[in-house]
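> Got a predicted structure plus its sequence, pasted below:
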Amino acid sequence: MGVPMQYLNINCLVVDDEASMRRTISNMMQKLGFKSVVTAESGKKALDIINSVKIDLVISDINMPEVSGTEFFTAVRKDKKYDRVNFIFVTAEANKSAVAKAAESGADDYLIKPFVLANLETKLSKVLAKKFNPSNFETHLKDFKRHLDERDLSEAENQLLRASEYYPDSPTVAYNFGLLAVAKGDAYTAIDFFKKAIDKKPMFVNAYNSIAEVYENLGDMESAIKYYEMAREISPASTERLITLSKIYTAKGETNKAETILKDAISGTREDISASSHLMGQMYLAKNENEKALEMLLKAYKKNPYDPSILQSLAEAYRKVAKHEKAIETYNEALKVRPNDANIKYQIGKTYLEMGDKQKAIEEIKSAWEINPFSKDITSDLRALAETAKFDI
Amino acid sequence: MSYDLCEKYNIGKTLLRQDVSLDEKLQEVVNILADCLKVKKCSIMIINHEDQTLEVRASVNPEIVGRKRNLSDVTIATRALIDDAPFYADEKRLEFFSPPDSSKYKSGNSLSIPMKYLGKKLGVVNLADTEGGMPFTKDHENVSVDIVEHLAPFIYAAQAKELLDKKVGMLEESNKRLMEMDDLKTNLTNFIVHDLKGPISTITANLDLLTYEPLTGEQFEYLNLAIEDTYKLQRMVLNILDLSKLEEGKIKVFREETNLYELAKSEVSSFKNSAARKDIVLELNGSSCMCYIDENLIGRVLSNLLLNAIEHSPEGSKITIDVRHDDTCKELSVSVSDEGIGIPGELKHKIFDKFFQVGEAGKQRKTTTGLGLTFCKLVVDAHGGRIWAEDSASGGAVFVFTIPETLKEVNA
């Protein structure tokens, strides 16, 4: 058996609602030599275990009643102290929308049923090698990301430059230079770096997505759509991307296209209740059926209370039914997961404007602008406010 | 008798109008007829085949429109139909008929002209009560027959169209029902097959775990047979389930950076046992080649093609798998060639259809469910690639599929 000895002392948690599969996976783990394997029959029980015992690695089924695997995952990941818990998902579906979403939000790997011991061993070795022996390159990248999150841009740049010494041609390095440029407010340099990343890795979905985001901020919706559509072509399942796309189409007046995208997505997520309720809520929002939207989004929120994208949609629904305080509360929940998201701050600012609290609105929109100075919407709103409130930006 | 070209023209014009219904046309004709023949009563009755009646569809007296007489009743109208000739009635003859015909006409005079087209009886034109109470003459008959001859084809056409519409409606209805039943059947099948997946996963995993235990040669042989056929069962179940989802676009390609050659290598090695059983050599050519594909789906394409090749290979033959990278076309290609009986030219396209099997009696190329190649085609299509079959140098079959290396520009 090929799993290195040093990996075998970690604490593993196997989550599956099917008793036979749960036993089988746990037997496989023991066969591979893992000494500590606990099991849970639901996402809820698994959360209890994680909160009481130190767990290093989770192997979890996705499709479970009540709390699904991905919902369990977002619930764990919102807590920074569980950052180092590795996740491998197990799914029976060839339709990997749930896996894809988990992967984009940082799950380590996945297995498709049916699988055998050798498949499990390959995945485990890969994930654990990274955990135990991160290369210098990976360490610098990780540090870069941490500093970027904390908005310590000079130290972030320093770490990224050191990472790039190891693999100067790596698409990941180019992509991260793009992220750094975004943080510095240099939109066109960012686009150049993202394009460089795509040159090196033609299906780099996050790079397409990031270019689209920059164009969206710049107000160039045609280019934004082009790149979002390319990202969708590679990875069609991201609920958040589909919602962004449908919003842009709605803003352009192409409501049919927007609706098709959402309907298409809903039919693909029938088993993922939080995702399908989210999409349906978004569809009602687009049609201004706000009460129905709120109902759907609350359902999605109940199933998956830590998903920042669901939280933002829910806040939007609260605003539309004039529950502004609730909206701000909800936006703040989303900020806990994404503390440096300019758009969330901008939306909070706009909510204050709707409430007539100009002072707070200016504060929030200004801090959004500090994070993202090239956004057309944020800048023009802030400028308009500055004129009425007589301050300089 | 003032029936002239002008009236003929008027009738013709009325009949040819496309924006009026048949009943409106008939009413117009009735009015013109009454006018030019100077009769007080004129009506057109048409056979309703559904309830076997003669129905008044137009009349000078609007009150009687819609009234029906049974075809089996003895009336002057049915009499004309039965005789297939104009029927003159006077007071004396009227007594034979049941009321109201016997008492209805003031002067006691009436003339009924049967309508026929292409040998089919359509209905009757009734005339009664001439001005001044004079009996009907041959002149009346000639004019009426002339007009009826113009009228009949229109009634015929209208009835034919009505019938056609009804039949079309019925067909659509039964079609809809059939489709609903087909959906129900598909859903039921999927439901059952879906539930098979869980147990198969557990069986596969546990049989595999057994192979790591010390076993005797005999035990190992039994186990391998079980594993091989569990794999087959698994493939069948997955193909059935995913085919309909692929067709509906519910499975989206989820691309990841994958080494196609390594993927082929691992698929080839999982068929080592079944190939060895038929003394077949599996030869893999090519070298490491990175691409962006849905690893799981393409892996299953490879395994379907390999299974297909092994099934159709004679004992002791060779199967060659080539993984190639074409720099000029910017695409990757994989071919699987066997030394079996090959596929006749005209069938090379059809084999990708659902449930199609190649073969003549006794020489049938058998496949597991006939869905494997259809699955392959749908997956390759979804990757923007192509798949086809050709002949190998040895007369066997070669299956080739290609996958483009880069993303096609999406037009915003």
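On my side now, so go ahead. The model shown is predicted, which means the values in this text are computed figures rather than measured ones.
> what residues does the stretch 101-250 of chain B put near chain A?
By Cβ under 8 Å from any Cβ of the partner chain, the residues of the stretch 101-250 of chain B that approach chain A are B:197-202, B:204-206, B:208-209, B:212, B:234, B:238, B:241-242, B:245, B:248-250. The C-beta positions use only the backbone N, C-alpha and C, and glycine is treated the same way.
> mind listing what's buried in the longest helix seen in chain A?
Counting residues, the longest helix found in chain A (DSSP state H) is helix A:117-132. The neighbour-count check on helix A:117-132 (16 or more other Cβ atoms under 10 Å in any protein chain shown) flags A:117, A:119-121, A:123-124, A:127-128, A:131 as buried.
> do stretch B:230-242 as well
B:230-231, B:234-242.
> for these, which one is nearest B:Pro86?
For these, the minimum distance to B:Pro86 (Cβ to Cβ) is 70.2 Å, reached by B:Ile240.
> Give me the helices and strands touching the longest helix of chain A, please.
Applying 3 or more Cβ pairs under 8 Å, 6 or more residues apart in numbering or on different chains; DSSP states H and E, we find helix A:117-132 packed against helix A:19-32, strand A:57-61, strand A:86-91, strand A:109-112, helix B:138-210.
> rerun that using 6 Å as the cut-off
helix A:19-32, strand A:86-91, strand A:109-112 (3 or more Cβ pairs under 6 Å, 6 or more residues apart in numbering or on different chains; DSSP states H and E).
> Return the distance of that helix from the chain's centre.
24 Å (Cα atoms, centre = their mean, to the nearest Å).
> ok, now stretch B:32-43?
On Cα atoms, centre = their mean, the centre of stretch B:32-43 falls 51 Å from the chain's centre.
> how close does the residue nearest the centre of chain B sit to chain A?
Among the residues of chain B, the one closest to the centroid is B:Asn175, at 7.7 Å (Cα atoms, centre = their mean). In this view, B:Asn175 and chain A are 24 Å apart by Cβ to the nearest Cβ, to the nearest Å.
> quick one on the thing from earlier: pick out the most distant pair among the buried residues of helix A:117-132.
Distance extremes for the buried residues of helix A:117-132: the farthest pair is A:Leu117 and A:Lys131 at 20.4 Å, using Cβ to Cβ.
> Could you export the helix or strand B:Val334 falls within as PDB, CA atoms only?
Following DSSP states H and E, one finds B:Val334 within strand B:331-337. Taking C-alpha atoms only, strand B:331-337 is exported to PDB below (Å, rounded to 0.1, in the frame of the first residue of the first chain):
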ATOM      1  CA  GLU B 331      -6.400  18.800 -31.400                       C
ATOM      2  CA  LEU B 332      -5.900  15.500 -29.700                       C
ATOM      3  CA  SER B 333      -6.900  12.200 -31.200                       C
ATOM      4  CA  VAL B 334      -7.400   8.800 -29.800                       C
ATOM      5  CA  SER B 335      -7.900   5.700 -31.900                       C
ATOM      6  CA  VAL B 336      -8.800   2.200 -30.900                       C
ATOM      7  CA  SER B 337      -8.400  -0.400 -33.600                       C
END
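> who does that strand touch, helix- and strand-wise?
strand B:318-326, strand B:397-404.
> Neighbouring strands - and their directions - for the longest one?
Neighbouring strands of strand B:318-326 in its sheet, by DSSP bridges, are strand B:281-285 (parallel), strand B:331-337 (antiparallel).
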